[in-house]
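[1] Attaching a predicted model along with its sequence, questions to come.
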Amino acid sequence: MRTTSRVAIFACVSAGLCFGQGQDFSKVEIKVSKVAGTVYMLQGAGGNIGASVGDDGIVVVDDQYAPLAEKIQAALKGITDKPVRFIINTHYHEDHTGGNEFFQKQAPIIAQDNVRKRLEEGGVAGNGGALHMENKPAAKSALPIITFDHDVTVHLNGEDIRALHFPAGHTDGDSVIYFPKSNVVHMGDDFVTYGFPFIDVDGGGSIDGMIHGVEGAIAQLPADVKIIPGHGPVSNLDDVRAYVKMLKETRAVVQDALDKKMTLAEMKEKKILDPWKKYAGDFVSEDVFLETVYNSLTGQRNGKFVKHN
């Protein structure tokens, strides 16, 4: 994301998740680890990067922030001298797409249709409440030049690399990227390990879409698949099951409160999400996640109905 509101700056800096604001990228080091088969994970600042590396070249999944692009390039060169052949964006947020302009000089970027749309138009990303970020339109050279509606497959390095669209999860342009031969999946920000997730309600995301998408992925993936989360260490399906259980339980509690005609203020006062407070963080606190679920379920913005043209 290009510019961040004051409301969100402190929280996301504290969590190491802020979209480019207030970070000293000169001190960031790119850590490379092999996940399985042809797939590596690169960690620096922002979202995790996946990379399929083989004789045909490199397929990169997400590219973090623009100031880190040369460091990411150097890290890839440390694995192989083969060229980057494709870049796939899991969604539009800057901590996953900031390097697009740099890397698209080498290879085409692939993404779901809504990723290009949101990068091109700019706008607001947020939970429909206190947590929100304003995005300037991205440069034309940073826009994905290959887009798809539901799914697309890249045949490279002996892999049938599948990008599968999750409608209305973390955003409205999410994709999970599955490497079937290596038995690895990159979940983007539909699965994270830092606690309550950021659901971009203003960017077309929803609690129901995230639950549906993650449960759908669990049903299709092998039991021993290795999972690259949007943020955090390599995980497994048990980790994802625990995560989706939390999503379903917190959703049910908020829905029950809505059925009882409780206001958002009353829900906060009663701390209805307190049983899950271990998931609260500086970026997405208990109250912020409550706002998120409330706004997602009601179509409101913190108790106020949204006017549609």
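    All right, it came through fine. Residues are numbered from 1 along each chain as shown.
[2] all helices for the stretch 51-200 of the chain, in order.
    For the stretch 51-200 of the chain, the helices defined by DSSP state H, counting those that start in this stretch cover 69-77, 94-97, 100-103, 113-121.
[3] In a markdown table, list those helices along with mean pLDDT.
    Shown next, in a markdown table, are the helices of the stretch 51-200 of the chain (pLDDT from 0 to 100):
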| stretch | mean pLDDT |
| --- | --- |
| helix 69-77 | 98 |
| helix 94-97 | 97 |
| helix 100-103 | 98 |
| helix 113-121 | 98 |
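[4] and these, which is most packed in?
    helix 94-97 (a mean of 28; mean count of other C-beta atoms under 10 Å). Just so you know, the C-beta spots here come from the backbone N, C-alpha and C atoms, and that holds for glycine as well.
[5] re the thing from before, of all the helices of the stretch 51-200 of the chain, which lies closest to residue 189?
    helix 94-97 (7.5 Å; C-beta to C-beta).
[6] Tell me which other helices or strands that closest one touches.
    In this structure, helix 94-97 makes packing contacts with no helix or strand, judged by 3 or more C-beta pairs under 8 Å, 6 or more residues apart in numbering; DSSP states H and E.
[7] Mind exporting the C-alpha coordinates of it to CSV?
    In CSV, the C-alpha atoms belonging to helix 94-97 read as follows (Å, rounded to 0.1, in the frame of the first residue of the first chain):
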residue,chain,number,x,y,z
GLU,A,94,2.0,-3.4,-1.1
ASP,A,95,3.8,-5.7,1.3
HIS,A,96,3.2,-8.4,-1.3
THR,A,97,3.3,-6.4,-4.6
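[8] among the helices of the stretch 51-200 of the chain, which is nearest residue 275?
    Using C-beta to C-beta, the nearest of those to residue 275 is helix 94-97, at 29.9 Å.
[9] out of the helices of the stretch 51-200 of the chain, nearest to residue 256?
    Of those, nearest to residue 256 by C-beta to C-beta is helix 113-121, at 31.6 Å.
[10] can you give me how far that closest one is from the chain middle?
    Helix 113-121 has its C-alpha centroid displaced from the chain centroid by 15 Å (C-alpha atoms, centre = their mean, to the nearest Å).
[11] what's the distance between residue 260 and residue 252?
    Distance, residue 260 to residue 252, using C-beta to C-beta, to the nearest Å: 13 Å.
[12] Many thanks, have a good one.
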